[in-house]
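Student: Requesting a structural model of the entry that follows:
(one chain, ligands or ions: 1)
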Amino acid sequence: MATMETITEKGTIKTITTHYIDGAFVESHGREVMDIIKPTSGKVIARVTLGDEEDTRRAIAAAKRAFVTFGRTTKEERAGYLRRLHEAVSARIDDLTAAMVEEYGGVVRFARLIVQSGMDAFPAAEKGLDELALTRSWGKTTVTMEPVGVAGLITAWNANALFFCLKLASAVGAGCTVVIKPSELSSLQTQVMLECLHAAKLPQGVCNVVIGRGNVVGAELVRNPDVAKISFTGSVAVGQSIMRDGAATMKRVTLELGGKSPTILLDDAALDQAIPSALVLAFMNSGQACAAGTRLLVPKNRLDAVKRAIVDTMCSFPVGDPADPKTAVGPMVSQSQYERVQSYIRKGIEEGAEVLVGGEGHPTGFEAGCFVKPTVFVNVKSHMTIAQEEIFGPVLCVITYDSEDEAIRIANDSKYGLHSSVLGSDLQRARRVASQIRAGRVVINGMTDDPQAPWGGFKYSGFGREYGKYGIEAFLETRAILES
Ligand code: NAD
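Tutor: Here you go, the predicted structure:
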């Protein structure tokens with residue numbers, strides 16, 4: 001893998017040299033060229049020319065011009081644009097999924113769901129917009145909900161197409177114009193999205209996209225006084241820098257950050273259903289998911305049965321080619337992500353946790369590329385590094401508890417609070433436990449979704465919410481007009 005940057009797939013290299021500004025594909029002013037490396041082989045599959053501050057300023061200027069008109073659109077007009085976006089993205093589901101599999105190594109069965117969720121964000125925003133009262137009046141007072149202005153939307157690589165659609169849907173629903181800075185590791189997906197945007201024929205300048213590095217394009221969005229709001233999905237460290245640097249121009253911010261989500265297995269859970277559910281939560285998106293349920297809390301007196309059930313169920317989570325529909329766990333996105341996961345597995349062993357399944361190194365037969373072994377640790381204590389830090393790979397920590405109260409305490413013993421899960425037969429009891437978890441979302445008895453339900457974190461997982469009307473509200477300001 002050390003020389004992978006120099007290996008290329010002859011004849012199949014794509015080149016991307018344009019951004020999308022003011023309704024047109026425009027050549028990059030920035031000159032830096034970055035290789036896109038396929039994580040299954042380590043070979044270069046594309047070369048992308050990255051934007052610079054000048055590209056970003058041009059995009060912001062286009063968004064600012066467009067806001068004058070777009071900021072005054074009616075609900076009906078915005079709903080029409082959301083429908084067009086939905087139609088354009090729906091027509092490219094296969095291409096978006098293929099790009100996600102190729103450049104990111106997303107397993108196809110999950111990548112398709114991610115893309116579909118992105119597509120569903122548009123009708124969800126339309127419904128949310130319909131439900132929101134943008135004008136309220138009483139007596140001589142009128143209160144209106146106004147779009148905040150030009151918004152900078154910054155996304156992470158692990159589900160870029162979803163975040164792109166989700167943030168765009170909320171912003172358009174609110175009447176904001178946008179400059180999107182997708183993850184530079186997601187340039188092939190972004191290329192398809194740009195074609196969707198062009199096909200949707202939004203008014204010129206409403207949606208602009210600059211592909212580039214975070215510390216160049218992202219930083220310009222955060223510091224530029226013409227950008228009113230940043231909606232960010234990514235790491236805690238960058239989220240904190242956005243809050244800090246954005247304060248100078250009084251940015252409104254939505255931060256969707258990391259997680260270390262607990263799955264509480266109650267003592268009445270049927271293991272034949274609960275363990276497959278727990279492993280789906282742990283290994284979704286090959287463990288590269290902010291919502292991944294990476295801490296499994298089990299009653300001490302059921303530990304042996306849980307261990308047996310995990311070992312027996314692992315055959316349903318094969319590692320493999322992400323394009324194969326049977327594959328459950330694909331490669332890590334990059335060599336550095338591979339090494340990060342390895343270092344955490346080593347740390348877990350050093351701290352005294354016991355490897356039940358997996359461990360260090362590549363899985364047999366997958367020595368090339370960024371594949372890791374899906375790993376389950378037992379004998380994990382809540383204070384250990386592997387139980388506290390976000391690994392962002394397929395590594396599950398099993399932690400035991402003695403009582404329901406202790407399970408809740410351990411679940412909340414985390415600086416994060418994004419997602420969580422409760423598994424149990426008694427629904428009343430599962431709900432009681434769910435209501436005590438300090439996280440933005442709790443799912444009961446398996447992963448499920450609702451595009452109207454808000455998404456976002458407590459504590460270090462960030463703040464602000466996305467999806468449906470909650471997502472739109474995050475792009476609105478409140479204005480009161482009072483007549484004497
Ligand atoms: P990252 O923070 O490194 O990068 C995220 C985005 O920010 C990228 O587009 C990057 O180019 C940009 N960026 C980097 N430095 C910047 C700067 N100084 N100013 C502005 N933008 C900058 O995160 P990542 O590695 O791409 O993604 C993984 C992280 O994202 C994990 O922590 C994961 O939990 C989190 N995540 C959260 C959610 C959620 O919904 N809460 C969803 C997915 C991923």
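Student: Report the mean confidence score over the strand or helix carrying residue 349.
Tutor: In this structure, residue 349 sits in helix 335-350 according to DSSP states H and E. Averaging pLDDT along helix 335-350 yields 97.
Student: next helix or strand past that helix?
Tutor: strand 354-357.
Student: can you give me how far that next one is from the chain middle?
Tutor: Here the centre of strand 354-357 is set off from its chain's centre by 28 Å, with Cα atoms, centre = their mean, to the nearest Å.
Student: try stretch 68-75
Tutor: 29 Å.
Student: So stretch 165-184, near the ligand or not?
Tutor: Yes: counting by Cβ under 6 Å from any ligand atom, contacts between stretch 165-184 and the ligand involve 181, 183, 184. C-beta coordinates here come from the backbone N, C-alpha and C atoms, glycine included.
Student: burial count for the last one?
Tutor: What that stands for is residue 184. Counted with other Cβ atoms under 10 Å, the neighbours of residue 184 add up to 21.
Student: Could you find the closest non-adjacent residue to it?
Tutor: residue 213 (5.7 Å; Cβ to Cβ, 6 or more residues apart in numbering).
Student: Would you report the backbone torsion angles of that neighbour?
Tutor: With angles defined as degrees, to the nearest 10, residue 213 sits at phi -80, psi 150.
Student: Next one, pLDDT for it please.
Tutor: 98.
Student: cool, the one 4 residues further on as well?
Tutor: Confidence at residue 217, expressed as pLDDT, is 98.
Student: Surely it touches residue 54?
Tutor: No: the pair residue 217 and residue 54 fails to qualify as a contact (Cβ atoms under 8 Å) at a distance of 10.3 Å.
Student: for the ligand, what are the nearby residues on the chain?
Tutor: 154-159, 181, 183-184, 213-215, 218-219, 222, 233-235, 238, 241-242, 256-259, 290, 390, 392, 418, 457, 461-462.
Student: buried ones in the helix holding residue 349?
Tutor: 335, 337, 338, 341, 342, 344, 345, 348 (16 or more other Cβ atoms under 10 Å).
Student: pLDDT at residue 451, what is it?
Tutor: 89.
Student: actually residue 4, not the one I wrote
Tutor: 34.
Student: cool, and residue 415?
Tutor: At residue 415, pLDDT is 98.
Student: Could you do the one 5 residues further on as well?
Tutor: On the pLDDT scale, residue 420 is placed at 98.
Student: Which strands border the helix or strand it falls within, and is each parallel or antiparallel?
Tutor: Using DSSP H and E, residue 420 sits in strand 419-423. According to DSSP bridges, strand 419-423 has the following sheet partners: strand 262-265 (parallel), strand 441-444 (parallel).
Student: Just say which of those strands is most tucked in.
Tutor: Highest mean neighbour count among the strands paired with strand 419-423 (mean count of other Cβ atoms under 10 Å): strand 262-265, with a mean of 28.
Student: in the stretch 301-450 of the chain, which spans are helices?
Tutor: For the stretch 301-450 of the chain, the helices defined by DSSP state H, counting those that start in this stretch occupy 303-313, 335-350, 385-388, 404-411, 427-434.
Student: What is the longest one packed up against?
Tutor: Packing contacts for helix 335-350, counted by 3 or more Cβ pairs under 8 Å, 6 or more residues apart in numbering; DSSP states H and E, involve strand 354-357, helix 385-388, strand 395-401.
Student: Put together JSON lines for those, with mean pLDDT and mean neighbour count on each row.
Tutor: Compiled in JSON lines, the helices and strands packed on helix 335-350 are given as follows (pLDDT from 0 to 100; neighbours: other Cβ atoms under 10 Å):
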{"stretch": "strand 354-357", "mean pLDDT": "98", "mean neighbour count": "16"}
{"stretch": "helix 385-388", "mean pLDDT": "98", "mean neighbour count": "19"}
{"stretch": "strand 395-401", "mean pLDDT": "98", "mean neighbour count": "23"}
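Student: okay if I get these as TSV plus distance to residue 115?
Tutor: Listed next are the helices and strands packed on helix 335-350 as TSV, based on distance: least, Cβ to Cβ, whole Å:
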stretch	distance to residue 115
strand 354-357	30
helix 385-388	31
strand 395-401	26
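Student: For residue 199, find the nearest of these.
Tutor: strand 395-401 (40.3 Å; Cβ to Cβ).
Student: Send me that closest one as CSV with only the CA atoms.
Tutor: Coordinates of each C-alpha in strand 395-401 appear next as CSV, following Å, rounded to 0.1, in the frame of the first residue of the first chain:
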residue,chain,number,x,y,z
VAL,A,395,-15.0,-2.5,15.9
LEU,A,396,-17.6,-3.4,18.5
CYS,A,397,-17.0,-3.2,22.3
VAL,A,398,-19.1,-5.5,24.5
ILE,A,399,-19.5,-4.1,28.1
THR,A,400,-21.4,-5.8,30.8
TYR,A,401,-23.8,-4.3,33.4
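Student: other SSEs contacting it?
Tutor: helix 271-283, strand 295-299, helix 303-313, helix 335-350, strand 375-378, helix 385-388, helix 404-411.
Student: hmm, back to that, residue 217 and residue 54: which has the busier surroundings?
Tutor: Neighbour count, other Cβ under 10 Å: between residue 217 and residue 54, residue 217 has more, with 28 against 13.
Student: The more buried one: what secondary structure?
Tutor: helix (DSSP: H, G, I helix; E, B strand; the rest coil).
Student: A helix includes residue 162, no?
Tutor: Yes: counting by three-state DSSP, residue 162 is located in a helix.
Student: so who does it touch?
Tutor: 114, 115, 117, 118, 121 (Cβ atoms under 8 Å, 6 or more residues apart in numbering).
Student: try it again with 7 Å
Tutor: 114, 117, 118 (Cβ atoms under 7 Å, 6 or more residues apart in numbering).
Student: Report the central residue of the protein.
Tutor: residue 159 (5.0 Å; Cα atoms, centre = their mean).
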